[in-house]
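*Asks:* can you look at this prediction? I've put the sequence above it.
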Amino acid sequence: MEKQQLPNATLVLVMGILSIIGCCCYGLPGLIFGIVAVILAGKATNIYKEAPENYSGFGNVKAGKIMGIIGIVLSVLMVIYIIWVISYFGWETIQNQELMQERLEEIMGQQ
């Protein structure tokens, strides 16, 4: 019997890659893609464990899951950083370029 491709193996890999890339977009897309990758990888792993001799492509699932976890961690760190920046500088300062430049000059002058 010929081995068939594990369902969603390529999708898990793509979602894992997108989660790492998406962490640079304020963290939210990376978080979403990473969670989807981990969930789909869990389902694909369960299918593979039932009959490993029938499926190929488990390496893509493992790689996608690892990248999904890395993407989730990086995205959470990015979200925490953005929340810190907003709380430190204030929303009005971030939206106004001149005010932000003045605030940064004040901080650099204190050091």
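*Replies:* Looks like it came in fine. Numbering: from 1, shown residues only.

*Asks:* give me the nearest residue to Val61, chain neighbours excluded.
*Replies:* Using CB to CB, 6 or more residues apart in numbering and skipping the chain neighbours, the partner closest in space to Val61 is Ala44 (4.6 Å). (Glycine included, C-beta is placed from N, CA and C.)

*Asks:* pretty sure Phe58 contacts Lys49?
*Replies:* No. Counting by CB atoms under 8 Å, Phe58 sits too far from Lys49 to count as a contact (9.5 Å).

*Asks:* which of those two has more neighbours?
*Replies:* Phe58 (16 against 10; other CB atoms under 10 Å).

*Asks:* re the thing from before, helix or strand for the residue nearest to Val61, which one?
*Replies:* helix 28-50 (DSSP states H and E).

*Asks:* and whichever helix or strand comes after that helix, how far from the chain's centre?
*Replies:* Next helix or strand after helix 28-50 toward the C-terminus (DSSP H and E): strand 55-56. How far strand 55-56 lies from its chain's middle: 26 Å, per CA atoms, centre = their mean, to the nearest Å.

*Asks:* angle of the helix or strand just after strand 55-56 against helix 28-50?
*Replies:* Once the chain leaves strand 55-56, the next helix or strand it forms, by DSSP H and E, is helix 58-89. Per axes from the mean of the first three to the mean of the last three CA atoms, to 10 degrees, the angle that helix 58-89 makes with helix 28-50 is 150 degrees.
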